[in-house]
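Asks: Fold the stuff below for me.
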Amino acid sequence: MADTSDSRPPRGADTTSATPLRWVRPPQQARSQETLERILDAAEQLVGEKGFDDTPISEIVSRAGSSVGAFYSRFDDKSALLHALYERYVQQALATADEALDPSRWAGASVAEIIDAVVRFLVEIYRDQGGLIRAFVMRNHVDPSFQARRERLSHRVSEGLSELLLAHPDEIAHPDPARAAAFGMTLVFSTLDNTMLFGEMRSGAFQLSDEDLATELTRTYLAYLGIPVSHSTTQNPSHATKGSAAAPIRSEESS
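Replies: Take a look at the predicted model:
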């Protein structure tokens, strides 16, 4: 049963506006990393704009204000660069998941409110970083080390979200809530991969805006858990996005 102590806000209260969901960049530990970080930042921007295969090293170092020699003193080749980009991305994503799925953030929120906010935040991340994520997903199929990183990240997100959802067993009608919580998250990520990274379900008569995609994914997840879909939950984007869309994903870095 959900905690109904007086210290928690009433169910239905807006619990997301005070602490917006955001993409987290862990602080860097040494100034000697500055050149490396500039190269990674430039590569991340260009891969997002042009794709990994169409981004030459010369353009990366030019945007970074560095040199080809500096690049090869740190990376054997472009493949090594992609590994470094993915490792940095995973560290940021893990920090983001830990903050976004902290149970204290969601005190008093229903399962529907949690899923609605998390799904909309994921759609924003895919929109903001789709080019980079696409490069990682394509490498996942051929490189076991990439697959291992993805599984580590997926496990952390699934575990954190499941903990939040399973704190409300009275709201979930699925006969196996733990399996349903994890499988529902897999459905969300698979759909985001297919729609936002590779354009499937985004052409012809079946076109969805980001807002519509988030709404339908939320409805699907809730229905799979056996939770009645509240019209207000999925028709009022400001409720879920006060912590994300209205306060754009921002980065935090320290020197």
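Asks: switch to C-alpha atoms for all contacts and neighbour counts from now on
Replies: Will do.
Asks: Report the mean per-residue pLDDT for stretch 220-232.
Replies: The pLDDT scores in stretch 220-232 average 85.
Asks: what about the protein, any weak spots by pLDDT?
Replies: Along the chain, segments meeting pLDDT under 70 span 1-18, 25-32, 200-206, 230-255.
Asks: Spell out, range by range, the helices that occur in it.
Replies: In the chain, the helices defined using DSSP state H lie at 34-50, 57-64, 68-72, 78-100, 111-140, 144-165, 177-192, 210-225, 231-235, 237-241.
Asks: Tell me which of those lies nearest to residue 21.
Replies: Closest approach to residue 21 among the helices of the chain (Cα to Cα): helix 78-100, 5.8 Å.
Asks: which of the residues in that closest one are buried?
Replies: For helix 78-100, the neighbour count (16 or more other Cα atoms under 10 Å) marks 78, 81-83, 85-86, 88-94, 96-100 as buried.
Asks: Ok, stretch 133-153 next?
Replies: Of the residues in stretch 133-153, those buried (16+ other Cα under 10 Å) are 133, 134, 135, 136, 139, 140, 146, 147, 149, 150, 153.
Asks: surely the fourth one meets residue 145?
Replies: No: using Cα atoms under 8 Å, residue 136 is not in contact with residue 145, being 11.0 Å away.
Asks: residues in contact with residue 147?
Replies: For residue 147, the contacting residues are 140, 141, by Cα atoms under 8 Å, 6 or more residues apart in numbering.
Asks: how about a cut-off of 7 Å?
Replies: Applying Cα atoms under 7 Å, 6 or more residues apart in numbering, one finds that residue 147 lies in contact with residue 140.
Asks: For residue 112, see how far away it is.
Replies: 31 Å (Cα to Cα, to the nearest Å).
Asks: what about the residue nearest to residue 46 when sequence neighbours are not counted, neighbour count?
Replies: Distances taken as Cα to Cα, 6 or more residues apart in numbering place residue 55 nearest to residue 46, at 6.4 Å, with adjacent residues excluded. Residue 55 has 17 neighbours, counted by other Cα atoms under 10 Å.
Asks: Adjust the sequence numbering to begin at 82 for everything that follows.
Replies: Right, with 82 as the first residue, what we last looked at is residue 136.
Asks: about what we covered before: okay, the buried residues of stretch 214-234 in JSON lines with distance to residue 264 next?
Replies: Below are those laid out as JSON lines (distance: Cα to Cα, whole Å):
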{"residue": "214", "distance to residue 264": "21"}
{"residue": "215", "distance to residue 264": "22"}
{"residue": "216", "distance to residue 264": "24"}
{"residue": "217", "distance to residue 264": "22"}
{"residue": "220", "distance to residue 264": "23"}
{"residue": "221", "distance to residue 264": "20"}
{"residue": "227", "distance to residue 264": "22"}
{"residue": "228", "distance to residue 264": "18"}
{"residue": "230", "distance to residue 264": "19"}
{"residue": "231", "distance to residue 264": "16"}
{"residue": "234", "distance to residue 264": "15"}
